[in-house]
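[1] My questions are about this predicted structure, shown below with the sequence.
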Amino acid sequence: MKRRKFIVGLGSLAAGASAAVGTGAFSNFQGSRSASFSIAADNNAYLGLSAPNSLENGEHAKVGANNELVVNFNSDSDTGGNGLNPDAETWFDAVFQVTNQGTQPIDLLVDDDALNYSDRIVFYVDGSALPDGNTDSTGGLYAIEGYPGTAEGSDTADDDKEADETTDNGQDYWVGYANPKIGVGDSISVGIYVDTRGMNTVGTMTTGDVVIRASENLNQ
């Protein structure tokens, strides 16, 4: 705010001076100003990504040695198990937390399309925790992988197997899609659903990068 006030004041001074001495136009300018940039660990960055102990399933995520959030559903997680159950569906509520440590509200989207079996993995939020004024008091689950308007829809590149249709004897897993708006200083917990039905071979299911997108105008 101090910098904004200084710039406005300087503009007023130049306008006043121009009345007395001319237009104040110039053809070229070059000047040096100081700038500093710091890289912070994911949990301390402007978009905070963390897995505090208070989360229900936070033991499956941590900020690793490279200062980036890592999600593990294998022997690297801080649990007694080595992985997911075969031929099953598993919901992990509140695996990691996203915190807006910037200066403006943001919309959140998770893109897992680079993963093998991405159609079997859904990142979601509890509707009772949506911090965007559209809270679902029933606590329904909302997939946060689709863009507004289009969502992921059927027959698209990032179609989630269970995210856009009624399945399992009429059980509709996801109330819908949401790109929750996170206010300045607010946090939201993200859960992960994994479908291993029909998969019985012990070993690595998939590994790779998941993209977390945050934008001030994702819902526009």
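    Thanks, I have the structure now. On a predicted model such as this, the values are computed, not experimentally measured, just so you know.

[2] Setting aside sequence neighbours, what's the nearest residue to G185?
    In this structure, G185 finds its nearest non-sequential neighbour in N100, 6.6 Å apart by C-beta to C-beta, 6 or more residues apart in numbering. (Glycine included, C-beta is placed from N, CA and C.)

[3] Just give the number of residues close to that neighbour.
    Using other C-beta atoms under 10 Å, N100 is surrounded by 22 other residues.

[4] just so I have it, where are all the strands in this structure?
    Shown for the chain, the strands assigned by DSSP state E span residues 47-50, 61-63, 69-71, 89-100, 106-111, 121-126, 141-143, 176-177, 181-182, 187-195, 211-215.

[5] isn't V110 right next to V210, touching?
    Yes - V110 lies in contact with V210 (C-beta atoms under 8 Å); the separation is 6.4 Å.

[6] between these two, who's got more neighbours?
    Using other C-beta under 10 Å as the criterion, V110 and V210 rank with V110 on top: 21 against 17.

[7] Got the confidence number for the nearest residue to the more buried one once chain neighbours are set aside?
    Closest residue to V110 apart from its sequence neighbours, by C-beta to C-beta, 6+ apart: F123 at 4.0 Å. pLDDT for F123: 89.

[8] just the one 3 residues further on next, same as before
    Reading off the per-residue confidence, D126 sits at a pLDDT of 81.

[9] check contacts around it.
    D126 is in contact with 93-94, 139-142, 189, 191, counting by C-beta atoms under 8 Å, 6 or more residues apart in numbering.

[10] Buried among those residues? Make that a PyMOL selection.
    The PyMOL selection below is limited to those of the contacts of D126 classed as buried (16 or more other C-beta atoms under 10 Å):
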select buried, resi 93+94+140+141+142+189+191
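
[11] Need the contacts of D126 in JSON lines (columns: distance to G183 and pLDDT).
    Conversion of those to JSON lines gives the following (distance: C-beta to C-beta, whole Å; pLDDT from 0 to 100):
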{"residue": "D93", "distance to G183": "22", "pLDDT": "91"}
{"residue": "A94", "distance to G183": "19", "pLDDT": "93"}
{"residue": "G139", "distance to G183": "20", "pLDDT": "64"}
{"residue": "G140", "distance to G183": "21", "pLDDT": "75"}
{"residue": "L141", "distance to G183": "21", "pLDDT": "81"}
{"residue": "Y142", "distance to G183": "17", "pLDDT": "80"}
{"residue": "S189", "distance to G183": "15", "pLDDT": "93"}
{"residue": "G191", "distance to G183": "20", "pLDDT": "92"}
